[in-house]
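Asks: Coordinates only, no sequence provided:
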Ligand SMILES: Cc1cc2nc3c(=O)[nH]c(=O)nc-3n(C[C@H](O)[C@H](O)[C@H](O)COP(=O)(O)OP(=O)(O)OC[C@H]3O[C@@H](n4cnc5c(N)ncnc54)[C@H](O)[C@@H]3O)c2cc1C
């Protein structure tokens, strides 16, 4: 195999007989955890990163692959065009202890997602984040992210865009409707009646992203180690002080300690995983902790007089997804699922030989992305991110998904059952009348914008259905609205959740209220949602958290 196909490094396996202590233990290797691991080790601290899933990309010794990748070091995670295989086969990749999809592999969501990558709009920070985390405060952190990972509109190494017919048709239609083309990660404050090509964190025709940047620099340091197959059951604490973590691996469990007196634990296990670790550590609302107490954890759970009553699991949110479908004779469909076992030879060869072609683009051929802002009767702006992709009920279909993020006030709740599976027990979608009114208006705005496109067929909603009837016909539950952009269960804020009326689980340094040395850094601390797909914002939040934690 060519040199670039050789494994470049591999994670160590979990080793419970290792009795070293660590300045920082970071739990979870999603975008939050990878950034923390790198920045904390860069500052000279001794850092252990614990990931419960297996290796993913080839660089780190991953082995899951399509048949045509057998003699290469590439895995299914490396090849952008294979990313939607997650919808066909997620065995050994998706977490099995949540009722929603999340990646339990090295990289978490950034190993399995579509790579869509957006510099946040200023309102994303200004409308819901607390002091110290507003747009002006976040500039250094955002710059660090985009210096490290600039992102690209041209994922194919040859610089060409493949099968752009759908993009061309819709962008011409939007232009006709008065919307404007922008360079979305430069003009990130102009996401209103605008559109852009899709931007990815991919590079050189491969997934790239945080696994090929933050983890590479961390791994080059002697003061850093990471273990895969290492699931953290709970943090070990006496009152407010955390002394280590209880780890399960290879059928046994043991405790790994932080450096006495000064060590810290950073939980970065994602919106579901971080809430779960806190609950199992006796941190959360009493009803949920009582459920944990009644589970197999019960006999070894920290005693109830040590519980910390915080609103962990409230404030759950996800982009509200509303799928529209249009068809147009110019649109060309590509069989990305077929590319798993029977790729078109010229396409797989172009990819293997030069990392170029349609398989270097994310499946299922995204673009354009477009934005709109709607202000319903409560006067709060709602930001919409629209995502087009070549997929639907006809061979010439495109699905246009509307995401409602920034400005939305609806929230849900995450809890756990006594089998220790996390459950979305209160759906977060459109519980607020003004959120719903904005979604309806947003759908209507798009229909108006595309009304002059000749030959465009509206499949969903049909031309005769009103936008109100259409939106009302879609159930407001995860099965129909899920965007896989879950946030919020460990909300950050100055309002200590232990006090009546307080809603925050972590303070403005991301430290869990009522603890001395326990932090949460991932999507779960977002107080509200942002405009677009969240990876870049999560990286920025982690960069900012690293600055704040290192300064403590
Ligand atoms: C199918 C899909 C497509 C998506 N597409 C996009 C996209 O194109 N662009 C975008 O920006 N976003 C996308 N997202 C969302 C994005 O991937 C997530 O928002 C992001 O990964 C969340 O980051 P995180 O650090 O909070 O947690 P995660 O990425 O979920 O990482 C958490 C990590 O912690 C590990 N973990 C959990 N519990 C434990 C434990 N007890 N012990 C040890 N380790 C543990 C998990 O295995 C995982 O690796 C997508 C998500 C999905 C599921």
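Replies: Perfect, I can see it now. All of these numbers come straight from a predicted model, not from anything done at the bench.
Asks: Excluding chain neighbours, what is closest to residue 37?
Replies: Computed as Cβ to Cβ, 6 or more residues apart in numbering, the closest residue to residue 37 that is not its neighbour in sequence is residue 49, at 4.4 Å. C-beta: built from backbone N, CA, C; applies to glycine.
Asks: Quick check: that neighbour is in a helix.
Replies: No. Assignment of residue 49 by DSSP: H, G, I helix; E, B strand; the rest coil gives strand, placing it outside any helix.
Asks: Surely it and residue 214 touch.
Replies: No. Residue 49 is not in contact with residue 214 according to Cβ atoms under 8 Å; the separation is 10.4 Å.
Asks: Please identify which of the two sits among more neighbours.
Replies: residue 49 (31 against 27; other Cβ atoms under 10 Å).
Asks: roughly how far apart are the more buried one and residue 38?
Replies: Using Cβ to Cβ, to the nearest Å, we find residue 49 at a distance of 9 Å from residue 38.
Asks: Which neighbours do those two have in common?
Replies: Taking Cβ atoms under 8 Å, 6 or more residues apart in numbering as the criterion, residue 49 and residue 38 both touch residue 218.
Asks: isn't residue 482 right up against residue 318?
Replies: Yes. Counting by Cβ under 8 Å, residue 482 touches residue 318, with 6.5 Å between them.
Asks: who in the stretch 251-400 of the chain is up against the ligand?
Replies: 268-270, 273, 277 (Cβ under 6 Å from any ligand atom).
Asks: on that earlier part again, report the set of residues contacting both of residue 49 and residue 214.
Replies: 34, 37.
Asks: Phi, psi for the nearest residue to residue 297 once chain neighbours are set aside please.
Replies: Distances taken as Cβ to Cβ, 6+ apart place residue 280 nearest to residue 297, at 5.8 Å, with adjacent residues excluded. Note on residue 280: its backbone torsions stand at phi -70, psi -10 [degrees, to the nearest 10].
Asks: all helices of the stretch 201-350 of the chain, in order?
Replies: In the stretch 201-350 of the chain, the helices defined using DSSP state H, counting those that start in this stretch lie at 214-219, 270-280, 286-293, 338-341, 345-354.
Asks: ignore the last one, the chain
Replies: All helices of the chain, identified by DSSP state H, fall at 31-42, 109-112, 122-126, 135-148, 165-176, 214-219, 270-280, 286-293, 338-341, 345-354, 433-449, 467-472, 478-481, 535-551.
Asks: Dump those to JSON lines, plus mean pLDDT.
Replies: Listed next are the helices of the chain as JSON lines, based on pLDDT from 0 to 100:
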{"stretch": "helix 31-42", "mean pLDDT": "98"}
{"stretch": "helix 109-112", "mean pLDDT": "98"}
{"stretch": "helix 122-126", "mean pLDDT": "98"}
{"stretch": "helix 135-148", "mean pLDDT": "98"}
{"stretch": "helix 165-176", "mean pLDDT": "97"}
{"stretch": "helix 214-219", "mean pLDDT": "96"}
{"stretch": "helix 270-280", "mean pLDDT": "98"}
{"stretch": "helix 286-293", "mean pLDDT": "98"}
{"stretch": "helix 338-341", "mean pLDDT": "96"}
{"stretch": "helix 345-354", "mean pLDDT": "98"}
{"stretch": "helix 433-449", "mean pLDDT": "98"}
{"stretch": "helix 467-472", "mean pLDDT": "98"}
{"stretch": "helix 478-481", "mean pLDDT": "96"}
{"stretch": "helix 535-551", "mean pLDDT": "98"}
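Asks: what would the ones you listed look like in JSON lines with distance to residue 90?
Replies: Shown next, in JSON lines, are the helices of the chain (distance: least, Cβ to Cβ, whole Å):
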{"stretch": "helix 31-42", "distance to residue 90": "19"}
{"stretch": "helix 109-112", "distance to residue 90": "8"}
{"stretch": "helix 122-126", "distance to residue 90": "29"}
{"stretch": "helix 135-148", "distance to residue 90": "28"}
{"stretch": "helix 165-176", "distance to residue 90": "26"}
{"stretch": "helix 214-219", "distance to residue 90": "22"}
{"stretch": "helix 270-280", "distance to residue 90": "15"}
{"stretch": "helix 286-293", "distance to residue 90": "26"}
{"stretch": "helix 338-341", "distance to residue 90": "13"}
{"stretch": "helix 345-354", "distance to residue 90": "23"}
{"stretch": "helix 433-449", "distance to residue 90": "29"}
{"stretch": "helix 467-472", "distance to residue 90": "30"}
{"stretch": "helix 478-481", "distance to residue 90": "16"}
{"stretch": "helix 535-551", "distance to residue 90": "19"}
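Asks: ok, back up a step: the more surrounded of residue 482 and residue 318?
Replies: The residue with more neighbours, out of residue 482 and residue 318, is residue 318; 29 against 18, by other Cβ under 10 Å.
Asks: Residue 427 is in contact with the more buried one, correct?
Replies: No. Counting by Cβ under 8 Å, residue 318 sits too far from residue 427 to count as a contact (9.3 Å).
Asks: which one of the residues of the stretch 251-400 of the chain next to the ligand is nearest residue 526?
Replies: Comparing these against residue 526 with Cβ to Cβ places residue 270 closest, at 11.7 Å.
Asks: Count the residues that sit near that closest one.
Replies: Residue 270: 29 neighbours (other Cβ under 10 Å).
Asks: ok, it - contacts?
Replies: Contacts of residue 270 (Cβ under 8 Å, 6+ apart): 28, 30, 32, 102, 108-109, 486, 522-524.
Asks: do that again at 6 Å, thanks
Replies: Shown in contact with residue 270 (Cβ atoms under 6 Å, 6 or more residues apart in numbering): 30, 102, 108, 522.
Asks: do the same with residue 22
Replies: By Cβ under 6 Å, 6+ apart, the contact set of residue 22 is 46, 48, 258.
Asks: Next one: the closest residue to it other than its chain neighbours from residue 456, what distance?
Replies: Distances taken as Cβ to Cβ, 6+ apart put residue 48 closest to residue 22, at 4.4 Å, once the chain neighbours are dropped. Noted for residue 48: a distance of 55 Å to residue 456, by Cβ to Cβ.
Asks: ok, those two, which is more surrounded?
Replies: residue 48 (26 against 18).
Asks: That one and residue 224 touch, don't they?
Replies: No. The pair residue 48 / residue 224 is not scored as a contact, 7.9 Å apart, by Cβ atoms under 6 Å.
Asks: ok so, going back, greatest separation within the contacts of residue 270: which pair is it?
Replies: 102 and 522, at 11.0 Å, using Cβ to Cβ across those.
Asks: Name the residue in these two with the higher neighbour count.
Replies: Set side by side, residue 102 and residue 522 show more neighbours around residue 522, with 32 against 21, by other Cβ under 10 Å.
Asks: and the closest residue to the more buried one other than its chain neighbours, how many neighbours?
Replies: Leaving aside its chain neighbours, residue 522 sits nearest to residue 32 (3.3 Å; criterion: Cβ to Cβ, 6+ apart). By other Cβ under 10 Å, the residues close to residue 32 number 32.
Asks: what comes up buried for stretch 151-163?
Replies: Residues of stretch 151-163 classed as buried by neighbour count (16 or more other Cβ atoms under 10 Å): 151-152, 155-157, 161-163.
Asks: Revised request: answer the last question for stretch 469-477.
Replies: Buried, per 16+ other Cβ under 10 Å, within stretch 469-477: 470-471, 474, 476.
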